[in-house]
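In: Got a predicted structure here, sequence first:
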Amino acid sequence: MAISVTEILGTDSLSGSRLVINDNFNVLASEINSMEVYFSPSGGTITNLNNLSSEALRVGLSTILLDINASTFDILTNVKMTGNLNMTGAGIFRNDTNPQTLNSTFAGGSPIPVGTSTAIPAYTMNRVGNATAAAINITLYNGSIGQEIFFICTEGSGDVVISGVANNMVLPGATLNTITLNAIGESVHLLAVDNGSGVAVWFLVGGTGYVIS
């Protein structure tokens, strides 16, 4: 709401306007105190608002974590949910595909690591392929509990053999520990599940045309 103060003209007596000046300062002080219920200049915080309307919102200074504007709603950091996610509009679109095809020319050949000993696999969708007679080996490192990963064969007819490390891949059959894709369209879908001790291990939950051995 707009505030108003009494104007003091140049022809007015300064001493005679003392009460007006004091009243003006009181008006300004009252409005500032009202605003400081919500804004803390020293703490750099805003609290207790009933409503906030804006064309855009950006969270983060040197690193942007959330960017909302008229055309996009971008969350640029990890999201932790403790409640349900109810979707009443569209579906969930996975667009985190590895830009590289894991094939005979990738990274100088096999074994090709997916993830590392200190970092979980970076992509959900991984295209694989092999146009040679020798098998291409892919080593799948530990994921994060609840993480999903897909390997989809998009080229060649040679074997692409996927294996885990340190028994982190659980397949049907106690002695089976590799998954092989060797034809376009074959796929495998793995889910990182808590092994009961807080450690994520990969379980086979879907796919088509794969061979386990």
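Out: Yes, it's here.
In: okay, CA-based contacts and neighbour counts for the rest of this
Out: OK.
In: so what pLDDT did the residue at minimal distance from the centre of the chain get?
Out: Closest residue to the average C-alpha location of the chain: Asn78 at 4.1 Å, with C-alpha atoms, centre = their mean. Asn78 is assigned 88 on the pLDDT scale.
In: Give me the contacts around stretch 122-137.
Out: With C-alpha atoms under 8 Å, 6 or more residues apart in numbering as the test, stretch 122-137 has contacts from 94, 96-98, 100-104, 109-112, 114-115, 148-163, 182, 184.
In: Narrow those to just the buried residues.
Out: Applying 16 or more other C-alpha atoms under 10 Å to the contacts of stretch 122-137, the neighbour count classes 101-104, 110-112, 114-115, 148-163, 182, 184 as buried.
In: returning to what we had before: so the residue nearest to the centre of the chain sits in a strand?
Out: No: read with DSSP: H, G, I helix; E, B strand; the rest coil, Asn78 is coil and lies in no strand.
In: Roughly how far does it sit from Leu65?
Out: Distance check for Asn78 against Leu65: by C-alpha to C-alpha, to the nearest Å, it reads 9 Å.
In: What of Gly158?
Out: In this view, Gly158 and Leu65 are 43 Å apart by C-alpha to C-alpha.
In: hmm, back to that, mark which of the contacts of stretch 122-137 are part of helices, please.
Out: Assignment to helices by DSSP state H places none of the contacts of stretch 122-137 there.
In: and those residues, which of them are in strands?
Out: Members of the contacts of stretch 122-137 lying in strands (criterion: DSSP state E): 112, 114, 148-156, 160-163.
In: Excluding sequence neighbours, find me the nearest residue to Ile120.
Out: Closest residue to Ile120 apart from its sequence neighbours, by C-alpha to C-alpha, 6 or more residues apart in numbering: Gly143 at 4.8 Å.
In: For the helix or strand hosting Arg127, buried residues please.
Out: Assigned by DSSP states H and E, Arg127 falls within strand 125-130. Neighbour-count burial for strand 125-130 flags 125-130 (criterion: 16+ other C-alpha under 10 Å).
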